[in-house]
Structure formats: structure tokens, C-alpha cells
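Colleague: Give me coordinates for this.
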Amino acid sequence: MLEMWGWASYADFERAIIGLSFKIEVKGLHDHVDARYKALDKRLAALEAQKSVDSSPAVDAPSG
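Modeller: All right, here's what the predicted structure looks like:
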């Protein structure tokens, strides 16, 4: 039956399934790391924006 799909043996079939499973796990890990990177980048941008607002020069109100 395996020969019908081009697999020489069950071991070849098993190696292919394991390789595919590994590829899916790596893709999932990549997606997770990418999502975390984007979240951290967003937080960093917000902190930098807050820092620039906090460090802007104060303008004295005219007394009068």
C-alpha cells in the first residue's frame, strides 16, 4: 500500500511524518516568537513616546 504513494518502506513514511511534524512545531514556535516580538516592539514604542512627552521642555506660563 505504501508503494502506491511512492514510499519505499514504513520507515520512510515514518521519517516523513516526523519531519512534517517537526516543521509544523518550528512554524508554531516561529509564529509565537514573532507575536511576542511584535508585542514587545509595541510596548517599547509606547514607552519611548511617553519618555519623549515627559522629557519635552517645560514652557513657563506668562505671569501677568
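Colleague: Tell me where the model's unsure across this structure.
Modeller: Within the chain, the ranges that satisfy pLDDT under 70 run 1-7, 56-64.
Colleague: Do you have the strands of it handy? List them.
Modeller: For the chain, no strands are identified by DSSP state E.
Colleague: That one: helices as residue ranges?
Modeller: 10-54 (DSSP state H).
Colleague: ok, how many other residues are close to Asp54?
Modeller: 7 (other C-beta atoms under 10 Å). All C-beta spots, glycine's among them, are computed from the backbone N, C-alpha and C.
Colleague: and it, what is it in contact with?
Modeller: For Asp54, the contact set (C-beta atoms under 8 Å, 6 or more residues apart in numbering) is empty.
Colleague: now it: how far from Lys42?
Modeller: Counting by C-beta to C-beta, to the nearest Å, the separation of Asp54 from Lys42 is 19 Å.
Colleague: Over to Leu29?
Modeller: 21 Å.
Colleague: Spatially central residue in the protein, please.
Modeller: Asp34 (0.9 Å; C-alpha atoms, centre = their mean).
Colleague: where's that one relative to Lys27, distance?
Modeller: 10 Å.
Colleague: do the same with Ser55
Modeller: For Ser55 relative to Lys27 (C-beta to C-beta), the value is 42 Å.
Colleague: Mind checking which of the two has more residues around it?
Modeller: Between Ser55 and Lys27, Lys27 has the larger neighbour count (other C-beta under 10 Å), namely 10 against 7.
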